[in-house]
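Chemist: pasting the structure only:
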């Protein structure tokens, strides 16, 4: 898990077609939201769950 970085970021691999998610790191979680609905729901993941997810994507 990265250090605290509460700024929302869009993946550098997103295609710019509007079908993107944004992520940020907080003190105790990684959070994800829909870039088209920034006021909408935010999903929160524990550090271990987020790391497992990212590692699985890399494989």
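Modeler: Yes, it's here. This is a predicted model, so every value here is computed, not measured. Numbering: from 1, shown residues only.
Chemist: residue 52 looks like it's in a helix, true?
Modeler: Yes. Counting by DSSP: H, G, I helix; E, B strand; the rest coil, residue 52 is part of a helix.
Chemist: what is the burial count for it?
Modeler: For residue 52, the number of neighbouring residues by other CB atoms under 10 Å comes to 12. The way it works is simple: take the backbone N, C-alpha and C, and place the C-beta from them, glycine included.
Chemist: ok, now residue 46?
Modeler: By the criterion of other CB under 10 Å, residue 46 has 12 neighbours.
Chemist: so who does it touch?
Modeler: The contact partners of residue 46, by CB atoms under 8 Å, 6 or more residues apart in numbering, come to 28-29.
Chemist: go with 10 Å
Modeler: Each residue near residue 46 by CB atoms under 10 Å, 6 or more residues apart in numbering is listed here: 1, 28-30, 52.
Chemist: mind checking how far residue 8 is from residue 55?
Modeler: In this structure, residue 8 lies at 22 Å from residue 55, with CB to CB, to the nearest Å as the measure.
Chemist: count the neighbours of residue 30 for me.
Modeler: The burial count assigned to residue 30 is 21, neighbours taken as other CB under 10 Å.
Chemist: correction: residue 21
Modeler: A count of nearby residues for residue 21, using other CB under 10 Å, gives 15.
Chemist: what's across from it in the sheet?
Modeler: residue 34 (DSSP bridges).
Chemist: what does residue 10 give?
Modeler: Bridge pairing for residue 10 (DSSP bridges) gives the partners residue 22.
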